[in-house]
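Asks: for reference, the sequence and a predicted model appear below.
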Amino acid sequence: MTERHMRTGVVGTGHVGLVTAVALASMGHEVVGMDSDQEKVAKLKDGQVPFFEPGLQDLLTKEMESGGLSFSSTSSEAVIGSEVVFISVATPTRSSGEANLVAVEDAAKDVAHHAEGSLVIVEKSTVPTGTAHRLRSTLRRERPDLADELEIVCNPEFLREGSALRDALEPERILIGAESERAFATMRRLYGPLVDRGCELIETDIATAELTKHASNAFLALKISFINAVARLCERAGADVDAVADGMGRDSRIGPAFLNAGLGYGGSCFPKDLAAFERLASRFGYQFPLLREVARINDEAVDACAEKVREALWNLENKRIALFGLAFKPGTDDVRFAPALTLARRLWSEGASVVGYDPVAGDNALQEFPEMEVVKDPYEAARDAHCIVLCTEWNEFAELDFERLKSELTYSIIVDGRNFFDAQRLEDLGFSYHPTGKPGF
Ligand SMILES: NC(=O)c1ccc[n+]([C@@H]2O[C@H](COP(=O)([O-])OP(=O)(O)OC[C@H]3O[C@@H](n4cnc5c(N)ncnc54)[C@H](O)[C@@H]3O)[C@@H](O)[C@H]2O)c1
């Protein structure tokens, strides 16, 4: 077994924590991942990744076999002997919009309880500005004997589900917010292998690091909502939103990323982070209504798609609608706040029967919305349906046999919620095609 550089604990082995743990192990550190979900830990101990993320299973197996990565359901194992412990538990939304930080507090108390001396505790979860301040008071109350030994660092995560491993191993930047040279030095050593490969490490104060994460997610959501609002306008003006986005995106001040009109954003981050950021601003006495507007336009994107289906089918009662793609985006089986499921609920509540297909997220979707039928094959989904709605642009949908789909469908109607299909091909085959933000036929 090769000697490992730094012993590191990761508390919360979900989408972020598990990727972080595997990535750190692959950098040569000795990592213990801890989670309070016993079932998850049992799977991990057995060498199984509990969710779909490309490449993660192979690297996890490799790192477990080489002895650099292990899992536990007790925090003592993640803390004792570690120089750094990451907290990467969930920070969901309260009904007020505020981030619910109970898991962060619980995890921090647990870590403090087992700490034996000098330890850097890293906020990896996305948290509102001011959380480190709260954590510090909590740690001091829990362990007055280690008041000067327990350091807080904010190291927000920018990975994207679907390419999480690449994002963790080749990040565009690593952001470290800390207060002491000792903490910065520890984090520089931890991320040394990535810095040596050319990755940029940015050092700031803690409040700046915390705020940068919320500001980044809010800005990305803003870009998506901006182009979706432009799509609504294009539909009324007879313009083509994809051509508009192309014309805008070639301006290097704007850039082409996140200018794809469609059903809008979902997932466990953008909706909750936007709400939390607005609440945070308001708590600091600054009103930021732009953020609420971004969320409103995002809701409108699903409304607009539902309206297209209604317009194409007339009455939804007794109609069967096939949704292609149920994950909140391609490359993941995560269906948290997936626009496809919001649309499914909407169409179902208006009397349609809804059948869905997704390459990997079918089971999760069925758990979230059991009223929907979920099938394992796109052609089965199309069978006797009156309309297909493309909700999530998985690459495999580019390879569909449209003649076969047409023969399965009751009506040859496609609503393209991601402007993914080749319009010319569908026209040649005699489909009625309804894209987003541009004229259909
Ligand atoms: N998912 C993403 O793409 C992404 C990207 C960047 C940042 N983030 C942020 O990272 C954080 C985690 O997100 P996620 O998607 O990994 O969530 P997740 O729900 O997938 O994972 C959270 C894990 O924490 C565990 N947990 C909860 N309380 C615990 C406790 N007290 N002790 C130990 N384990 C506990 C849960 O069992 C779960 O396995 C959130 O703040 C999120 O906003 C997520």
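Replies: That came in fine, so what should we check first?

Asks: which elements pack onto the helix ranked longest in the chain?
Replies: Ranked by number of residues, the top helix in the chain under DSSP state H is helix 206-237. If you count contacts as 3 or more CB pairs under 8 Å, 6 or more residues apart in numbering; DSSP states H and E, helix 206-237 packs onto helix 131-142, strand 150-154, strand 174-177, helix 241-249, helix 270-283, helix 289-313. Yep, even glycine has a C-beta here, placed from its N, CA and C like the rest.

Asks: just want the angle from that helix to helix 241-249.
Replies: When axes from the mean of the first three to the mean of the last three CA atoms, to 10 degrees is applied, the directions of helix 206-237 and helix 241-249 differ by 140 degrees.

Asks: does helix 206-237 reach the ligand?
Replies: No. Helix 206-237 lies apart from the ligand when judged by CB under 6 Å from any ligand atom; the minimum separation is 7.4 Å.

Asks: show the average pLDDT along that helix.
Replies: Mean pLDDT, helix 206-237: 98.

Asks: can you point out the buried residues in it?
Replies: For helix 206-237, the neighbour count (16 or more other CB atoms under 10 Å) marks 206, 209-214, 217-218, 220-232, 234-235 as buried.

Asks: which ones are touching Ile224?
Replies: 258-260, 264-265, 270, 298 (CB atoms under 8 Å, 6 or more residues apart in numbering).

Asks: for these, please prepare CSV with the additional fields pLDDT, neighbour count and distance to the ligand.
Replies: Shown next, in CSV, are the contacts of Ile224 (pLDDT from 0 to 100; neighbours: other CB atoms under 10 Å; distance: CB to the nearest ligand atom, whole Å):
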residue, pLDDT, neighbour count, distance to the ligand
Phe258, 98, 17, 15
Leu259, 98, 20, 20
Asn260, 98, 20, 18
Gly264, 98, 26, 17
Tyr265, 98, 25, 12
Phe270, 97, 23, 10
Asn298, 98, 25, 17
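
Asks: all strands for the stretch 51-200 of the chain, in order.
Replies: 69-72, 84-87, 119-123, 150-154, 174-177 (DSSP state E, counting those that start in this stretch).

Asks: convert the second one to CSV, retaining C-alpha atoms only.
Replies: Put plainly, it is strand 84-87. C-alpha atoms of strand 84-87 as CSV (Å, rounded to 0.1, in the frame of the first residue of the first chain):
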residue,chain,number,x,y,z
VAL,A,84,-9.2,18.0,7.7
VAL,A,85,-12.9,17.1,7.9
PHE,A,86,-15.3,18.2,5.3
ILE,A,87,-19.0,18.8,6.1
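
Asks: packing partners of it?
Replies: Packing contacts for strand 84-87, counted by 3+ CB pairs under 8 Å, 6+ apart, involve strand 7-11, helix 102-114, strand 119-123, helix 181-190.

Asks: the ones you listed: which one's closest to the ligand?
Replies: When the helices and strands packed on strand 84-87 are compared by CB to the nearest ligand atom, helix 102-114 sits nearest the ligand, at 3.6 Å.

Asks: indicate whether the closest one makes contact with the ligand.
Replies: Yes. If you take CB under 6 Å from any ligand atom as the test, helix 102-114 does meet the ligand, through 103, 106-107.

Asks: so who does Asn364 touch?
Replies: By CB under 8 Å, 6+ apart, the neighbours of Asn364 are 326-327, 333-335.

Asks: one more time with 7 Å, if that's ok
Replies: 333, 335 (CB atoms under 7 Å, 6 or more residues apart in numbering).

Asks: residues making contact with stretch 135-145?
Replies: So stretch 135-145 is in contact with 105, 108-109, 112-113, 115, 147, 150, 152, going by CB under 7 Å, 6+ apart.

Asks: return the set of buried residues in it.
Replies: By neighbour count with 16+ other CB under 10 Å, stretch 135-145 contains the buried residues 135-136, 138-139, 142-143.

Asks: nearest to Glu427, of these?
Replies: Leu135 (57.8 Å; CB to CB).

Asks: the ligand versus the closest one, what's the distance?
Replies: Leu135 sits 13 Å away from the ligand, taking CB to the nearest ligand atom, to the nearest Å as the criterion.

Asks: one more: Leu56?
Replies: 12 Å.

Asks: ok, Phe52 next?
Replies: On the measure of CB to the nearest ligand atom, Phe52 and the ligand end up 12 Å apart.

Asks: repeat for Phe71
Replies: Separation of Phe71 from the ligand (CB to the nearest ligand atom): 11 Å.

Asks: check contacts around that residue.
Replies: By CB under 7 Å, 6+ apart, the contact set of Phe71 is 13, 33, 41, 44-45.

Asks: of the residues you listed, list those near the ligand.
Replies: Thr13.

Asks: can you lay out the contacts of Phe71 as TSV showing neighbour count, secondary structure and pLDDT?
Replies: Below are these laid out as TSV (neighbours: other CB atoms under 10 Å; DSSP: H, G, I helix; E, B strand; the rest coil; pLDDT from 0 to 100):
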residue	neighbour count	secondary structure	pLDDT
Thr13	29	coil	98
Gly33	30	strand	98
Val41	19	helix	98
Leu44	25	helix	98
Lys45	14	helix	98
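
Asks: can I get the contacts of Phe71 in a markdown table including distance to Lys376?
Replies: A markdown table is the format used below for the contacts of Phe71 (distance: CB to CB, whole Å):
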| residue | distance to Lys376 |
| --- | --- |
| Thr13 | 29 |
| Gly33 | 31 |
| Val41 | 29 |
| Leu44 | 27 |
| Lys45 | 29 |
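
Asks: which one of the contacts of Phe71 is nearest the ligand?
Replies: Thr13 (5.6 Å).

Asks: quick one: contacts for that closest one?
Replies: Counted by CB under 7 Å, 6+ apart, Thr13 has contacts 21, 33, 35, 40, 44, 71.

Asks: what about the first one, neighbour count?
Replies: The local packing of Ala21 (other CB atoms under 10 Å) involves 32 other residues.
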